[in-house]
Structures are given as structure tokens and as C-alpha cells.
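Undergrad: Below: sequence and its predicted model.
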Amino acid sequence: MFRTLTEIIESGYCMGCGLCPHYAPDAIEMLIADSGQMLPTIARDLTAEENAEIVRLCPGVSLDAPLREDKPPKHAYAFGDVGRLQRQIHEERVAVLRAFHTEVATKAFPYASTNIGMRHGEKAKFLEALDRWRPIHE
Ligand code: SF4
């Protein structure tokens, strides 16, 4: 379905989780868009491998990402079934993200009741404050 990060963003499926910059830190940065959402901004063309990895792991579009290997290493002994909890989390995550997808696809989400915005001029003030900010131990 999706082949690139750009397609994810342009389709409105990005939920601003901030994961994708970790897969191309020199190319992707999370910035505040005009809408007030945190969205990835892409500074250079991503490679096919980078796009493929992001599409595979992006929680906005990857509902069916495989779980980690269930089998423990040969030399290990399992005192419990943590994999059961991982599967439970996975199933819950899939249900939640399916609901999110449905709401985005029908343009019902974001909901007006939970949406927040900035007053006119607040973004510029915020960005100016960031420009002035210096770490204490510079
Ligand atoms: S990984 Fe997906 S949801 Fe997260 S910031 Fe990147 S595009 Fe958005």
C-alpha cells in the first residue's frame, strides 16, 4: 500500500510518533507543521531501504508487523511466557490502530473536541524562544 514516508505523511496517516527520524537521522527531523502537528520533515531523498524500513515500522500504517521471534535462544530457559503478554499487546495495538485508521480514512479524526491549536502568532513566538534557548552547560 505505502512505499515511502512521503506517501504516509501526504495521506494523513502520520500520527507524529517520532520514530522515523531514527532510521535516517541526517534526513528526517520532527517539526511543527502549520497545522500545529509534529510531523517528519525530509531534507533529502530517502533510499529505497530507508523508505521500506520506515513503512514497515511506522505505527501509522503498519498494522500487521510481525512479532519478534517466539522461540527463545537454544541456550536459554524460559521461566514464564512473556511472549503471551507481547501477543496481547500486539492484538490490542492492532485493534487500536485499526480504529485510528478508520477514523482518519473517514476524516472523522482529529476530533474537534480533542483538537488543540495555537493562537495566532504563538508558533512564531515559540520558534523565537527556541532560537534564543541555550543549554545551561554550553
Ligand atoms: S513513524 Fe510514522 S507515525 Fe511516526 S512520525 Fe514517522 S511517519 Fe509519523
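TA: Noted; the coordinates are in hand. Numbers count the residues shown, from 1 in each chain.
Undergrad: any idea how far Ala124 is from Tyr13?
TA: Using Cβ to Cβ, to the nearest Å, we find Tyr13 at a distance of 28 Å from Ala124. Just so you know, the C-beta spots here come from the backbone N, C-alpha and C atoms, and that holds for glycine as well.
Undergrad: With neighbour numbers in mind, choose between these two.
TA: A count of neighbours by other Cβ atoms under 10 Å puts Tyr13 above the other of Tyr13 and Ala124, at 20 against 10.
Undergrad: what helix or strand is Arg93 on?
TA: Using DSSP states H and E, Arg93 sits in helix 82-105.
Undergrad: and Glu7, how many neighbours?
TA: 14.
Undergrad: helix/strand/coil for it?
TA: helix (DSSP: H, G, I helix; E, B strand; the rest coil).
Undergrad: returning to what we had before: give me the distance from the helix holding Arg93 to the chain's centre.
TA: Mean-position distance between helix 82-105 and its chain equals 14 Å (Cα atoms, centre = their mean, to the nearest Å).
Undergrad: can you tell me which residues contact the residue nearest to Met118 when sequence neighbours are not counted?
TA: Closest residue in space to Met118, ignoring its immediate chain neighbours: Gly36 at 5.6 Å, by Cβ to Cβ, 6 or more residues apart in numbering. In this structure, Gly36 makes contact with 116-118, 123, judged by Cβ atoms under 8 Å, 6 or more residues apart in numbering.
Undergrad: For the protein, give me the ranges with low pLDDT.
TA: Applying pLDDT under 70 to the chain flags the ranges 63-74, 76, 78, 82-83, 138.
Undergrad: which residue of this structure sits farthest from its center?
TA: Distance to the chain centre peaks in the chain at His75, reaching 35.2 Å (criterion: Cα atoms, centre = their mean).
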